[in-house]
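Visitor: just coords:
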């Protein structure tokens, strides 16, 4: 009983920490440092002699669109519209101050930020003398509150529908994110081997997730082993095929940007394989716990089943799961590449050229290696779960507890 209470207490403490991490960025100012605002009628000599402060990003709300001016784009020559906005700053040292902000437009819609009165925006402040504002312009829309709102909806629904299991799922999710942000990403930046580090973090994250959700049991142990085995197969397969196919890891634009991080040398190709392992982890965990749970329940119903029969039952369940889970991975990777596929279709590129592009080949290897790893989870989990549960002549502790609870219920006597 004490163990169960401690598990409950730990889970809800973790949920509280998760909620605090979400709420703190909303409540805190983006810059607590106080700066003095100089007189707007400063002299040019003062500006030249003063030390220029670094730019500051603050939140703001558009009060009014003062003017819209049509001007030619200096690059393309096409006509575009520049806006002069009146914006109230809503965060940082200048909170409450109303300033004029430029919103420069181009002929390319990719870089345009269209705003109107009432919109919340991010504003870049160019600071001058004693922290005075020399210039200000719109950096982007303020999307943060909507993300927090969606996160809160997710948490509320998970707790309302899942109750205790929902709370455990949130705790496991929080711990997984701590591992990724606190251990995996810093480790990659320090130059550790991406594949070994990712497999290690994946194993720890899997163990934490399954133990928090299902407790320590043979079922959890079998699911952990199956998941780690599956993602390891996916990582090794991606490594072997990637090396043979000369995948560079520079298939996406962000990978090239990593080369310009100062004083850090990253294994870009290894990061590709690491991302494949992380992408496979969720689906592999889902499959493994489903198979382990099914074998556990079958053993509870018929305690006389042997190892071979339990493995067969797990494989039958796994075959039904494989089809939908494989589709899940393939559709997820396809959905993230819809824009690229449309470009190829619009320009009628040949299949020969498409399949040999580094970007496309990397995504295909990612999808297929992840799917193979997920498929391998089925036999690994089924065999391990069958071996763990098949040689046991007694029912699990959970069944004993259930029977004990049933015995404490008042017996109904039949009246004659």
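Guide: Cool, the structure landed. If you're wondering where the values come from, they're calculated on a predicted model, not measured in any experiment.
Visitor: and the spatially most central residue of the chain, how far is that from residue 336?
Guide: For the chain, the residue sitting closest to the mean C-alpha position, by C-alpha atoms, centre = their mean, is residue 177 at 7.7 Å. Note on residue 177: its distance to residue 336, by C-beta to C-beta, to the nearest Å, is 20 Å. No exception for glycine: its C-beta is placed from N, CA and C like everyone else's.
Visitor: Ok, residue 248 next?
Guide: 19 Å.
Visitor: Just checking: what are the partner strands of the top strand by length along the chain?
Guide: Determined from DSSP state E, the single longest strand within the chain is strand 56-72. Strand 56-72 pairs in its sheet with strand 79-89 (antiparallel), strand 120-127 (antiparallel), by DSSP bridges.
Visitor: Can you give me the buried ones in that strand?
Guide: 56, 58-62 (16 or more other C-beta atoms under 10 Å).
Visitor: Out of the residues you listed, which is nearest to residue 386?
Guide: residue 59 (56.8 Å; C-beta to C-beta).
Visitor: ok, the closest one - contacts?
Guide: Counting by C-beta atoms under 8 Å, 6 or more residues apart in numbering, residue 59 makes contact with 30, 89-92, 120-123, 142.
Visitor: Please repeat the previous calculation with a cut-off of 10 Å.
Guide: The contact partners of residue 59, taken as C-beta atoms under 10 Å, 6 or more residues apart in numbering, are 29-30, 87-92, 95, 120-123, 142, 144-145.
Visitor: give me phi/psi at residue 133?
Guide: Dihedral pair for residue 133: phi -90, psi 110, per degrees, to the nearest 10.
Visitor: Residue 271 reaches residue 242, doesn't it?
Guide: No: Residue 271 is beyond contact range of residue 242, at 11.3 Å (criterion: C-beta atoms under 10 Å).
Visitor: where do the helices sit along the stretch 251-400 of the chain?
Guide: 253-257, 268-301, 307-335, 338-346, 351-355, 358-390, 397-408 (DSSP state H, counting those that start in this stretch).
Visitor: I'd like the ones you listed written out as TSV, with distance to residue 152 and mean pLDDT added.
Guide: TSV is the format used below for the helices of the stretch 251-400 of the chain (distance: least, C-beta to C-beta, whole Å; pLDDT from 0 to 100):
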stretch	distance to residue 152	mean pLDDT
helix 253-257	29	81
helix 268-301	22	89
helix 307-335	25	84
helix 338-346	29	85
helix 351-355	42	87
helix 358-390	31	89
helix 397-408	34	48
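Visitor: Can I get those helices in CSV including distance to residue 168 and mean neighbour count?
Guide: Listed next are these as CSV, based on distance: least, C-beta to C-beta, whole Å; neighbours: other C-beta atoms under 10 Å:
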stretch, distance to residue 168, mean neighbour count
helix 253-257, 34, 11
helix 268-301, 13, 23
helix 307-335, 22, 16
helix 338-346, 35, 11
helix 351-355, 44, 10
helix 358-390, 21, 22
helix 397-408, 16, 11
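Visitor: out of those, which comes closest to residue 234?
Guide: helix 358-390 (2.6 Å).
Visitor: Any idea how far the closest one is from the middle of the chain?
Guide: Mean C-alpha position of helix 358-390 versus that of the full chain (C-alpha atoms, centre = their mean, to the nearest Å) differs by 21 Å.
Visitor: just stretch 348-356 next, same as before
Guide: Here the centre of stretch 348-356 is set off from its chain's centre by 31 Å, with C-alpha atoms, centre = their mean.
Visitor: And it, end to end?
Guide: 15 Å (C-alpha to C-alpha, to the nearest Å).
Visitor: Make sure residue 261 is actually in contact with residue 189.
Guide: Yes: between residue 261 and residue 189 there is a contact at 7.8 Å, judged by C-beta under 10 Å.
Visitor: hey, where'd the helices end up in the stretch 1-150 of the chain?
Guide: Going by DSSP H, counting those that start in this stretch, the stretch 1-150 of the chain shows helices at 2-27, 44-49, 144-179.
Visitor: What is the nearest of the buried residues of strand 56-72 to residue 366?
Guide: Of those, the one sitting nearest to residue 366 (C-beta to C-beta) turns out to be residue 59, at 36.8 Å.
Visitor: circling back: could you identify the buried members of the contacts of residue 59?
Guide: 87-92, 120-123, 142.
Visitor: Format those residues as CSV; extra columns: distance to residue 237.
Guide: Shown next, in CSV, are those (distance: C-beta to C-beta, whole Å):
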residue, distance to residue 237
87, 53
88, 55
89, 53
90, 50
91, 48
92, 49
120, 46
121, 46
122, 42
123, 48
142, 43
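Visitor: Single out whichever of the residues you listed has the smallest pLDDT.
Guide: Lowest pLDDT among the buried ones among the contacts of residue 59: residue 92, with 87.
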